[in-house]
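[1] Using only what follows, build the 3D model:
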Amino acid sequence: MEIGFIGLGHMGFPMVSNLLAAGNIVRVYDTSDAAISLAVERGALAAHSAVELAQCVDVIITMLPTPAVVRGVFCGPEGVIAQAKQNTLIIDCSTSDPGTAVELEALAAALGKTVLDAPVSGGVPGAKAGTLTFMVGGSPSGFLAAKPILSAMGKNIVHCGTAGSGQAAKLCNNLLLGVSTIAVSESMCLGVSLGLEPDVLAQIINTSSGHCWVSEVYNPYPGVVKDAPASNDFSGGFACDLMIKDLSLALDAAHGMRQPLPMTSVSKQLFQVLSHQGHGEKDISAIVRMFKK
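    Residues are numbered from 1 along each chain as shown. So this is what the prediction gives:
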């Protein structure tokens with residue numbers, strides 16, 4: 001079985017590395033020739049286009065930045081759904097929206113192919129360590145076929161329900177990530193302003209009721225977690241502009257359900273200010289700059 005992988009960014013590249021380490025044959029495509037070359041150095045095979053990749057693999061995995069890009073890659077006569085072989089399993093690990101996922105599954109089913117929405121959580125550290133959580137929406141049979149493949153890249157493979165449910169779970173998770181990143185930033189900066197050492201404050205939070213994933217693994221205060229983006233000039237993580245996209249998707253979904261999301265709305269505005277200041281490509285933990293003296 002040959003796996004095709006489209007999208008070799010901060011998340012996609014280490015995911016491919018883990019697929020290769022598990023002994024899979026992986027053919028890759030990206031709009032960046034440099035990214036393809038790096039993957040080939042790890043042992044991947046190169047495709048010259050998404051169409052070429054789709055025509056010669058048994059499973060297609062995508063990790064793309066926006067719903068618009070997902071639709072561009074998947075849909076139309078030159079899209080991977082139309083070009084893939086019969087019975088191909090297509091797994092979209094991008095963060096999109098439930099409506100797009102439902103549409104793609106129906107399009108694929110009409111052509112004898114299977115699409116799953118399987119967005120991930122765990123960030124770049126989880127992608128590198130192979131400990132991602134996959135939130136999978138789609139048919140039970142598709143999930144069973146995908147689980148051994150996803151297990152090479154993650155530890156928690158969860159079937160959330162029908163098409164779109166994986167994306168719904170991801171939007172709920174990411175809005176909480178955005179809000180908690182801002183909350184931890186406020187807490188850390190207040191503590192330092194009051195004379196506390198950031199390491200001491202983080203230790204207290206992580207053994208007290210304020211403990212969360214952001215405070216322990218992804219602390220936004222520079223120097224607290226040595227491997228976190230905050231300790232690397234806020235680079236190499238989850239870009240602020242991508243968080244704005246995810247919070248926008250969550251707010252759009254909530255609007256359709258008449259579900260209030262006041263903290264999500266405020267958080268989006270703060271990240272937009274950060275992006276407007278020229279930090280849109282920085283990791284979301286750069287939001288701490290808005291609160292530091």
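
[2] what's the offset of the lowest-mean-pLDDT helix or strand in the chain from the middle of its chain?
    Ranked by mean pLDDT, DSSP states H and E, the helix or strand of the chain with the weakest confidence is helix 123-129, at a mean of 91. Distance of helix 123-129 from the chain centroid (C-alpha atoms, centre = their mean, to the nearest Å) equals 10 Å.

[3] Need the contact partners of that helix.
    10-11, 14-15, 17-18, 120, 122, 132-133, 153-154, 217-218, 227, 229, 236-238 (C-beta atoms under 8 Å, 6 or more residues apart in numbering). No exception for glycine: its C-beta is placed from N, CA and C like everyone else's.

[4] same check, this time on stretch 278-293
    177-178, 181-182, 185-186, 188-190, 192-193, 218-222, 228-230, 234-241, 243-244, 270-271, 273-274.

[5] list the buried ones in the helix or strand encompassing residue 82?
    Here residue 82 sits within helix 80-83, counting by DSSP states H and E. Buried residues in helix 80-83, defined by neighbour count with 16 or more other C-beta atoms under 10 Å: 80-83.

[6] Please, where are all the helices along this protein?
    Taking DSSP state H as the criterion, the chain contains helices spanning 12-21, 33-41, 50-56, 67-74, 80-83, 98-110, 123-129, 140-150, 165-193, 198-206, 213-217, 240-257, 262-274.

[7] pull the CA atoms of the fifth one into PDB?
    Once side chains and other backbone atoms are set aside, the C-alpha atoms of helix 80-83 remain, and they are given as PDB (Å, rounded to 0.1, in the frame of the first residue of the first chain):
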ATOM      1  CA  VAL A  80      -8.000  14.500  -5.900                       C
ATOM      2  CA  ILE A  81     -11.500  13.100  -5.400                       C
ATOM      3  CA  ALA A  82     -12.100  12.900  -9.200                       C
ATOM      4  CA  GLN A  83      -8.500  11.800  -9.900                       C
END
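
[8] now it: mean pLDDT?
    For helix 80-83, mean pLDDT rounds to 98.

[9] packing partners for that helix?
    Packing partners of helix 80-83 (3 or more C-beta pairs under 8 Å, 6 or more residues apart in numbering; DSSP states H and E): helix 50-56, helix 67-74, helix 98-110.

[10] Quick one: those as a markdown table, columns for distance to residue 203, mean pLDDT and mean neighbour count too.
    Formatted as a markdown table, those follow (distance: least, C-beta to C-beta, whole Å; pLDDT from 0 to 100; neighbours: other C-beta atoms under 10 Å):
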| stretch | distance to residue 203 | mean pLDDT | mean neighbour count |
| --- | --- | --- | --- |
| helix 50-56 | 47 | 97 | 19 |
| helix 67-74 | 40 | 96 | 18 |
| helix 98-110 | 39 | 96 | 19 |
